[in-house]
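[1] Compute the structure for the input listed below.
(chains A and B, ligands or ions: 1)
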Amino acid sequence: MNNTIDIKLPKDNVNDEFVRILSCPFNDGDEVKQNDILIEYETSKADVEYASENIGYIKYLCKSGDEIKPGETIIRLFQNIDDLKQSSMKVEKPTKINTSSKTRFSKKAEKLINEKKIPYTQFQNFSFVTSKDISSNLLDNNGFKDYDKSDQEKLNTENKDIFTEEISNTKKREIDNLRGVQSSNLTSVVAKSIHIENLNNWINTNSTALPQSVLPLIVFESSRLLKKYKYLNSYFSEDKIHFYQYVNIGFAIDLEKGLKSLTIYNADKKTYPRVETEIINLSEKYLEDELTKEDLTNSTFTISDLTSERSTFFIPLINKNQSAILGIGKTENQINLILSFDHRVVTGKYSQKFLNDLAERIEVYIKSDLKEIIICSKCLISLREESKLSGKGLIRIINSDGKIDFICINCLLGN
Amino acid sequence: MLQSEILTSLFQEAVKIRETEELFLKLFSEGKLNGTIHTCVGQEFNAIAVCNCLRDNDFVVSNHRCHGHYLAFKNDFSGLIAELMGKQNGICGGIGSSQHLFNKNFLSNGIQGGIVPIAAGISFAKKNESKDDIVAVFIGDGTFGSGTLYESLNLISLYNLPLLVICENNFYAQATPLREHLAGDIIYRVKSFAIETFQTDTWDLENLIVASDEAVSFVRNLRKPAFLLINTYRLNAHSKGDDNRDPKEIELYKQKDLINRYKISNPDEYNKMYQTAVNEIKDIASKLESLNTLDIENYITKNHKQNNIEWGKIEYTNQKISDRIYKFFNDYMKKDSKVIMIGEDVKYPYGGAFKISRDLSKLYPTQVIETPISESAITGFGIGLSLMGYHPFVEIMFGDFITLCMDQIINHAGKFYHQYNKQVKCPVVIRTPMGGRRGYGPTHSQSLEKFLIGIDNVKVIALNTLIDPYEIYETIYNEYDQPVIVIENKTDYNKLNSILELENYEITKSNEKYPTVKISPVNHKPDLTIVTYGGSVSLIKKVIDEIFYEHELFSEVFVISKLSPIEVDSIIESAVITKNLITLEEGKLEGGIGSEIISTIIEKVKVGLNIKRIAAEMVPIPSAAELENFVIPNEQKVISEISELIHE
Ligand SMILES: Cc1ncc(C[n+]2csc(CCOP(=O)(O)OP(=O)(O)O)c2C)c(N)n1
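    Coordinates of the predicted model:
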């Protein structure tokens, strides 16, 4: 019978185990045309509108609010309205999660749930539920405090541009080969050390608030570099690579309040002092328990700095929907950069090259007598980056505030 | 009568050996030798008579007093002298020195009796591989006090091995005269094993040569063991200056000594021999003097590289652990006739106390060796086989009996690779079931693996139900590099190699050769790091659940496979995150595996950790079920000990 077309919940863009249906704009039996929006659903990454590729009479196999597994049939299109009417009695429902058996509740959580009469189904997506989860769930319902975001950042989170690329067949074979040996977990690690005798001097002179830390500098430099190394600012799913069109750096923090990754939005577009300030602000919010959802999500690349723990070498674990994570360890006079990467996305060579470039950029601070990071006040290109392009350097100007600033030749000429 | 030129050459050889020994004593007194030596002065002709009947392909195994045997068999004076002078050009790079020699088809070691089962293992291989090669092992009268000797005599007679045991009875065991250390009679003792015996002495050269020839020929032709007793006397002290024998007695034997008599009867010839020998030896020694000792870097093997740990999926067979071990043997015995299983009661129909060998003896009759209750000798036997390129798997019926194998493991298997300067590998595998919970009581329920870790060059692996034992044994088979002890667990034999039913936990294994299994909460940072192995896996599920339910704490569990040398690369990251490190084992607490795991981790992470070792109580394991369940960690006890740690 070719009279029906089954539409499955697309797996492509999501890694999620379950996806929530937001709305079903038609009524069963309505006639739909090509490009009509048939359904809206929410993934961990974005709200998605699904447009019809066909015409027909629609029958929903789910309703708004359902949690559905990607790959399940959600809509059936009938070419003939009578077929729809006939079948309407015997359409099989997609499987939903069976909450009670999967989710583990702690004793305290159980007690709270019973006291507060919260429905258990609230937690159907949870693997574990602790008393903390219950309190944050209550908070969630009241809504998170909204956090001042620049328009630019809002744009980013709302309109998550993700470009997708199919991987080549050669790469697929390579992945299959690797899988044979390593089984499903295809991460690998490269590392690089940098001598830092003079780096501390540099940091101490240039830093306003974090005099001992290399983190701001590494966030600053690696976020810029990630524009070039776009594969490290992407993620793999369903045999496709999805590239982020923006660089949001998550930095891992673990100070009594649990391990969290805090997001610096558009880090590649921020000045060094701004990066530094954001790290401090986010860390303060972390300590004061004032983090918002946005602070904890949407990062595209993560940096885990264990230098203060005096870790020399460790293997950081890649976060979900990312392809790499940079670890920073430290020995007496060198720092160790460790990059864990998803072998399905990039090769060791590519990853090592990224580290080498990063190291080179950082070593400039040690070698040169540049006392501060000089960047173009308009396009934010740094002196070092510029030197690799036109090599003309930056021009010193007085800005409208009467302060000394710099501008690159391109911006000066208005290009 | 011996022809005079033969006689001359025999004396020439004996004088050269004697003068080599004298040189050693001299170098010793000059401080140019380190350690100790046992010279064979007075006993040279024994070695010469026997070794002259041997061929290059035969194998000689010897004891502490081995210089004469080595020189007579190998005729390698400079190798031996360099060895004793501690030079890297010595036959064992100066590591073994006097008592620990190895050179193709020659081996000596310093443990009385311990070498005999090894010689038996070597002779088993010789019997399989060749029609006429034999093995000769030299022991002294004092060695008749060693139990391993009798285990070995029993084995070689039962298996009809082409091994000649030569006892040089010099009437003393170090300082103790024969009448005080040996009851009864040496020959009768040996005869009682139904071993053919031959007797002679040092002072009738013709008879010595004839008897040696007869004994060697008997073994070579009949492919059976024989025993040659040579009454003899050492003219020097036991080692250097330790002599409490009656000087009159010594004087008497000096007069009886063949070389001394020759010196009087043929002074010109003797002087010529003496001068030639002394010149040659001195020449060798002076040339060696400037040579170097071995570089320490060339001696110590640093085999631990930092692992890049990756975690991957586990494939479960869902078959019984015992079936998987059996299948390994079935497959590999079929594939490789050098895979040999040795153990008590391993033959069909009994098929092993824990039914691992089953019908293997029917399928591969030459590869399954059923043995008497001789844990020490069968371990040595396996060692001998492994030196000959075999894949011996020694089954020790209960882990508790491993104590009887300790000398073979520590002083033989573990030593050979290094003490012979990496010329041989000794990849013997010893399998044994440990663990309680079956009510077998104090001597059949222990987990003694803590006594097996940290032994030179010995690897200890513990099986568990999450990793297919077939895979582990395959790795061991392929690695074929060093002695391995495999701890199996009694109560796991009948369990399935299958996943732990733990929802919302991810169970992965590391890419290490002997994988670590990691059990991690999904999407949650762990609060506790628990390290365990072997049979304790059975407690994990309940413990993890309960700790979460009661305390809202997430546990990350590591089940390690390799206990020694311990490697913690896979665990460090977790320990750094949780800062709470707990070890769980079935063995006793003090000096246990947990202590080793914890100290290794702390050494590496350099951050403060809360630590807790959970292990058995420091008393024998009782038989009564309730008591046993208390002494060996049970789920409730583990949970309450962890709770204590958390609330400290
Ligand atoms: C198992 C063991 N116990 C004790 C010793 C110490 N020891 C070395 S030689 C020796 C005497 C051995 O006597 P015997 O076997 O008659 O050989 P001999 O020294 O007379 O050649 C002893 C007790 C040892 N090496 N090994």
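
[2] for the chain, where's the lowest mean pLDDT among helices and strands?
    Picked chain A for this. Per-element confidence for chain A was summarised using mean pLDDT, DSSP states H and E. The lowest value among helices and strands belongs to helix A:151-158, with a mean of 39.

[3] you looked at the wrong chain, it should be chain B
    helix B:296-299 (a mean of 88).

[4] how does the chain divide up, domain by domain?
    If you meant another chain, say so; for now it's chain A. According to automatic domain parsing, chain A comprises the domains A:4-86, A:104-156, A:186-373.

[5] not what I meant, chain B
    Chain B breaks down into these structural domains: B:4-290, B:315-492, B:505-647 (assignment by automatic domain parsing).

[6] right, so of the domains of chain A, which gets closest to chain B?
    domain A:104-156 (3.8 Å; CB to the nearest CB). Just so you know, the C-beta spots here come from the backbone N, C-alpha and C atoms, and that holds for glycine as well.

[7] Report the secondary structure state of B:Gly591.
    Reducing the assignment at B:Gly591 to three states with DSSP: H, G, I helix; E, B strand; the rest coil gives coil.

[8] list the contacts for B:Glu129?
    The neighbourhood of B:Glu129, defined by CB atoms under 8 Å, 6 or more residues apart in numbering or on different chains, consists of B:Met388.

[9] Roughly how far does it sit from chain A?
    Plainly put, B:Glu129 is 37 Å away from chain A if you go by CB to the nearest CB, to the nearest Å.

[10] ok, and the closest non-adjacent residue to residue 107?
    Answering for chain A, as no chain was given. Excluding its sequence neighbours, the residue lying closest to A:Lys107 (CB to CB, 6 or more residues apart in numbering or on different chains) is B:Tyr549, at 5.2 Å.

[11] not quite, I wanted chain B
    Closest residue in space to B:Leu107, ignoring its immediate chain neighbours: B:Val61 at 5.3 Å, by CB to CB, 6+ apart.

[12] OK, contacts around that neighbour?
    For B:Val61, the contact set (CB under 8 Å, 6+ apart) comprises B:106-108, B:115-116, B:118-119, B:122, B:135-138.

[13] For the residue in the stretch 1-150 of chain A positioned nearest to the ligand, grab the count of nearby residues.
    The ligand sits closest to A:Arg104 of the stretch 1-150 of chain A, with a gap of 58.1 Å, by CB to the nearest ligand atom. Other residues within reach of A:Arg104 by the criterion other CB atoms under 10 Å in any protein chain shown amount to 21.

[14] Tell me what it is bridged to.
    Applying DSSP bridges to A:Arg104 gives these bridge partners: A:Phe128.

[15] Find me the pLDDT at it, would you?
    Reading off the confidence values, A:Arg104 has pLDDT 87.

[16] And it, how far from B:Lys525?
    Counting by CB to CB, to the nearest Å, the gap between A:Arg104 and B:Lys525 amounts to 16 Å.

[17] Can you name the residues of chain B sitting close to the ligand?
    For chain B, the residues found near the ligand under the criterion CB under 6 Å from any ligand atom are B:64-65, B:110-112, B:139-143, B:170, B:172-174, B:238.
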